[in-house]
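**Student:** Attaching a predicted model along with its sequence, questions to come.
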Number of protein chains: 2
Amino acid sequence: MAVNLSPPRPEDLLPVKGVKLGVAEAGIRKAGRKDLLLMTLAEGTCVSGVFTQNRFCAAPVQVAKEHLASGGLPRALLVNTGNANAGTGEAGIASAKASCDAAARLAGCDSRQVLPFSTGVIMEPLPVERIVAGLPGCIADLREDNWARAAEAIMTTDTVPKARSRRAQLAGGVATVTGIAKGAGMIRPDMATLLAFVATDAPVARGALGALLADAAARSFNRISVDGDTSTNDSFVLIATGARGGTVIDNAGHPGFAALREAVLEVSQGLAQAIVRDGEGATKFITVRVEKGRDEAECADVAYAIAHSPLVKTAFSASDPNLGRLLAAIGNAGVRDLEVGRVELYLDEVLVSRDGGRAPAYREEDGKRVMAKSEITVRVVLNRGLVATTVWTCDLSHDYVTINAQYRT
Amino acid sequence: MAVNLSPPRPEDLLPVKGVKLGVAEAGIRKAGRKDLLLMTLAEGTCVSGVFTQNRFCAAPVQVAKEHLASGGLPRALLVNTGNANAGTGEAGIASAKASCDAAARLAGCDSRQVLPFSTGVIMEPLPVERIVAGLPGCIADLREDNWARAAEAIMTTDTVPKARSRRAQLAGGVATVTGIAKGAGMIRPDMATLLAFVATDAPVARGALGALLADAAARSFNRISVDGDTSTNDSFVLIATGARGGTVIDNAGHPGFAALREAVLEVSQGLAQAIVRDGEGATKFITVRVEKGRDEAECADVAYAIAHSPLVKTAFSASDPNLGRLLAAIGNAGVRDLEVGRVELYLDEVLVSRDGGRAPAYREEDGKRVMAKSEITVRVVLNRGLVATTVWTCDLSHDYVTINAQYRT
């Protein structure tokens, strides 16, 4: 059951002029569920993407990168669930390209203007013929106000669809930013998380769009972890249709850049946090904040050491303030010259540890009170610099084991 | 329930001349169980140790390192369970030293000739007075044939005591090597694992003893993982009493060095594997063998990426051949220039993947047959070099979550 996460209400999701979405039941793995999504993009739309660093990166990731690099502006995104088309070798590349060919014929564009995305079981052949058969259904369903159904069509072990909208005030009017994402397990994005698509109707040039994407990825999808496993298929795509008009945002000094960056970041963080809230078996949403570090890297190392520790995560699951495990995780972060005597550890507002040991005023009942909550902040103050970072994660419960034991059944 | 692991039979454990062991019920955390061990060492015994790299390393680890570096030959090892004396700041150091003082008075040596070791809950004050009160019981119990009871006295969440003996044929007769170890969770040793003590009656000089220790650690305790969490208290100590006599083994060229290295390695590997077999919640014992890598580091990175992946571990727990997760883990090992098209993946003798995808001859039923076993070898052939390494791990089951949710209750 997801932690304090409701499905988006369709009426809260703002259409993005220039983006249409259509879904279908293609029966890729299971019958009777939406599992295919086609997004079409208006002419002139600019697209930027970041992808998994997993060396076994999936065939669709390889093809999407190749198509993005080919220089033509993308006109469609094709997304399937039920099959990751990863660990499928040369045949997988051919299948991804065949899917793009079919979508291109229906959408009236070149095959290289279609970007493919897949998610689901790894190392099984992609059933291309089912995707091809499902595509006319997607075409018939294409609408600008279809974001909620699209969020549903890309789910795998997700229990709640994930979508967010924000408005950004630009010179000459308001721009819209709407995004969807999926993911619940194999979540420890290295560049971006498994399938997130964020679109705006603001006009943005390619370089500025890449900067917005990198900023949002670094502070949202690249700062979450469910289980520390980086997926083969992670992809985060930012789309700017320009359909709202106005001057093109082409650099960080443009008057609209900051407002748009803020809106893109808010949508991305909302989606990234939704993935953690709906993490496999999650019962708690945990914010790990590391402060006063020397650099971003060491703050992230400490935060992820906590976020990835099975012992920390099972203690959270049990609401047990076995907080020495947090110290062990911090000591285990690979920051070789860390002076543990300077580290302060807080659970919400409760000071748990300083001077290398338990804080004199700490009482077990204070720890118990915080641990019983469903939203908890772990704050580590390193006291050796000026940099801070935040990582979001969840606990490790029996349901995680159950879900992943039964994943293919 | 441990995987194919029986308690050692006392009669199989060979006494090591010069080492006496005595245990007591000190009531450190719970009443009615042996939780205190004193090992006394004959005069002239040489001792070498490696310790955790966790920055929050425990007070006893700090004191043991200091005492070892002080230059005097150790005469006693003092081991308690129920409390790790880690994350305890300056007070923890004082407690560890007070325990050594008490042991030294009874053993008739200097306090710096006592090495302290602790294991149990982190960030709680060590009850020194209970240890002091328990020590006379240990003294009264001191015997050379007490290894089995000693193995029992150092257990925490272990379900089976761990001890091994081997003989080594040296010039002029046979030497004995006997060791004990404990550990079941927070197991991903960086230098050595939580409390392993191996002793021989062969005469070994300090430098040669350090070489034997480093070799054994690298191929045993430093090659196992239960949950990827490196403990604050890991310590692996090699003891040479010299009581059997003969020429001192003082370098790797000495005729006895190779035989003794083999015996020490066998004892250490047996103990390390026993820790994995008794890993918290373990139902399967998994050998991860990575071959034809460029160097030891990349082989270990790939092996640990598999051994640490919760998705791989839950698939093993469920006996589900969801083997794409193994590819994802390999791709996730941080070997940036890995050519996935050259990688071969075997489950026991079954070729699962090559050319970046599923092997044409692979059949699901073959995967199922191997996954149903309690002992499984995952073999990854990188085909880019000549180096191989092996890591031992276990699966991630419901019981791991249960054990760690209830650890302090």
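**Tutor:** Happy to help now that I have it. Residues are numbered from 1 along each chain as shown, chains lettered A, B, ... in the order given.
**Student:** Pull out the buried residues from stretch A:400-409.
**Tutor:** A:400-405, A:407 (16 or more other Cβ atoms under 10 Å in any protein chain shown). Every residue, glycine included, has its C-beta placed from N, CA and C.
**Student:** repeat for stretch A:350-367
**Tutor:** For stretch A:350-367, by 16+ other Cβ under 10 Å, it's A:350-354, A:356-359, A:362, A:366-367.
**Student:** Tell me the one of the buried residues of stretch A:400-409 nearest A:G92?
**Tutor:** A:Y407 (19.8 Å; Cβ to Cβ).
**Student:** Double-check A:E296 against A:V387; I have them as touching.
**Tutor:** Yes: using Cβ atoms under 8 Å, A:E296 makes contact with A:V387 at a distance of 5.6 Å.
**Student:** Settle it for me: which of these two has more neighbours?
**Tutor:** A:V387 (17 against 13; other Cβ atoms under 10 Å in any protein chain shown).
**Student:** Phi first, then psi, for that one.
**Tutor:** Here is the backbone geometry of A:V387 (degrees, to the nearest 10): phi -100, psi 150.
**Student:** do you know how far the nearest residue to it once chain neighbours are set aside is from chain B?
**Tutor:** Once flanking residues are discounted, A:V387 sits nearest to A:G293: 4.9 Å by Cβ to Cβ, 6 or more residues apart in numbering or on different chains. With distances taken as Cβ to the nearest Cβ, to the nearest Å, A:G293 is found 14 Å from chain B.
**Student:** Give me the pLDDT value at A:G293.
**Tutor:** Reading off the confidence values, A:G293 has pLDDT 96.
**Student:** Tell me, how many residues neighbour it?
**Tutor:** Counted with other Cβ under 10 Å, A:G293 comes out at 25.
**Student:** What about the buried residues of stretch A:350-367, which are in strands?
**Tutor:** A:350-354, A:357-358 (DSSP state E).
**Student:** Residue of the stretch 201-350 of chain A nearest chain B, please.
**Tutor:** Chain B sits closest to A:G324 of the stretch 201-350 of chain A, with a gap of 2.4 Å, by Cβ to the nearest Cβ.
**Student:** which residues does that residue contact?
**Tutor:** Each residue near A:G324 by Cβ atoms under 8 Å, 6 or more residues apart in numbering or on different chains is listed here: B:84, B:86-87, B:121-124, B:232.
**Student:** Quickly check those residues for the two that are furthest apart.
**Tutor:** Farthest-apart pair in these is B:E124 and B:T232; separation 12.6 Å (Cβ to Cβ).
**Student:** Those two: which has the busier surroundings?
**Tutor:** Neighbour count, other Cβ under 10 Å: between B:E124 and B:T232, B:T232 has more, with 30 against 22.
**Student:** Now do the more buried one against A:N332, distance only.
**Tutor:** B:T232 is 8 Å from A:N332, where distance means Cβ to Cβ, to the nearest Å.
**Student:** which residues are common contacts for the two?
**Tutor:** Here B:T232 and A:N332 have B:54, B:56 as joint contacts, going by Cβ under 8 Å, 6+ apart.
**Student:** Can you list the low-confidence ranges for chain A?
**Tutor:** Within chain A, the ranges that satisfy pLDDT under 70 run A:1, A:186-194, A:407-409.
**Student:** Give me the domain ranges for it.
**Tutor:** Using automatic domain parsing, the domain ranges for chain A come out as A:10-277, A:285-405.
**Student:** Excluding chain neighbours, give the residue nearest to the residue of the stretch 1-150 of chain A found nearest chain B in space.
**Tutor:** Nearest residue of the stretch 1-150 of chain A to chain B: A:I122, at 2.4 Å (Cβ to the nearest Cβ). Of all residues not flanking A:I122 in the chain, B:G324 sits nearest, at 2.4 Å (Cβ to Cβ, 6+ apart).
**Student:** same thing with A:P161?
**Tutor:** Going by Cβ to Cβ, 6+ apart, A:P161 has A:A151 as its nearest residue, at 3.8 Å.
**Student:** try A:N383
**Tutor:** Leaving aside its sequence neighbours, A:N383 sits nearest to A:R342 (Cβ to Cβ, 6+ apart; 4.3 Å).
**Student:** Up against chain B, what does the stretch 201-350 of chain A have?
**Tutor:** Within the stretch 201-350 of chain A, the positions adjacent to chain B are A:227-232, A:308-311, A:314-315, A:317-318, A:320, A:322-325, A:327-333, A:335-336, A:338, A:340-341 by Cβ under 8 Å from any Cβ of the partner chain.
**Student:** now swap in the stretch 51-200 of chain A and tell me
**Tutor:** Contact residues (Cβ under 8 Å from any Cβ) of the stretch 51-200 of chain A with chain B: A:54-57, A:84, A:86-92, A:121-125, A:185-186.
**Student:** I'd like to know which of those residues are part of helices.
**Tutor:** Of those, the ones assigned to helices by DSSP state H are A:89-92.
**Student:** Separate out the buried members of those.
**Tutor:** By 16+ other Cβ under 10 Å, those give A:89, A:91-92 as buried.
**Student:** State the pair within the buried residues of stretch A:350-367 that is farthest apart.
**Tutor:** A:G356 and A:D366 (19.8 Å).
**Student:** The helix ranked longest in chain A packs against which elements?
**Tutor:** Secondary structure assigned by DSSP H gives helix A:257-277 as the longest helix of chain A. Contacts defined by 3 or more Cβ pairs under 8 Å, 6 or more residues apart in numbering or on different chains; DSSP states H and E place helix A:257-277 against strand A:162-170, strand A:173-181, strand A:196-200, helix A:206-219, strand A:224-225, strand A:285-293, strand A:387-394.
**Student:** how distant is the fifth one from the center of its chain?
**Tutor:** Centroid displacement of strand A:224-225 relative to its chain, using Cα atoms, centre = their mean, to the nearest Å, is 9 Å.
**Student:** Point out the other helices and strands that it packs with.
**Tutor:** helix A:257-277, helix A:296-308, strand A:387-394.
**Student:** could you list every residue that touches A:V248?
**Tutor:** Taking Cβ under 8 Å, 6+ apart as the test, what A:V248 contacts is A:203-205, A:242.
**Student:** Filter those residues down to just the buried residues.
**Tutor:** A:203-205, A:242.
**Student:** Could you export those as a markdown table, including distance to A:R277?
**Tutor:** What follows is the buried ones among the contacts of A:V248, written out as a markdown table (distance: Cβ to Cβ, whole Å):
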| residue | distance to A:R277 |
| --- | --- |
| A:P203 | 33 |
| A:V204 | 29 |
| A:A205 | 34 |
| A:G242 | 33 |
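**Student:** Of all pairs in these, which one spans the longest distance?
**Tutor:** Farthest pair in these (Cβ to Cβ) is A:A205 and A:G242. Separation: 9.5 Å.
**Student:** what is in contact with those two at once?
**Tutor:** Both A:A205 and A:G242 are contacted by A:46, A:248, under the criterion Cβ under 8 Å, 6+ apart.
**Student:** so A:Y400 touches B:P310, yeah?
**Tutor:** Yes: the criterion here is Cβ under 8 Å, and A:Y400 meets it with B:P310 at 7.3 Å.
**Student:** do you know how far the residue lying closest to A:G270 once chain neighbours are set aside is from A:A184?
**Tutor:** Nearest non-adjacent residue to A:G270, counting by Cβ to Cβ, 6+ apart: A:R164, 4.0 Å away. Per Cβ to Cβ, A:R164 is found 17 Å from A:A184.
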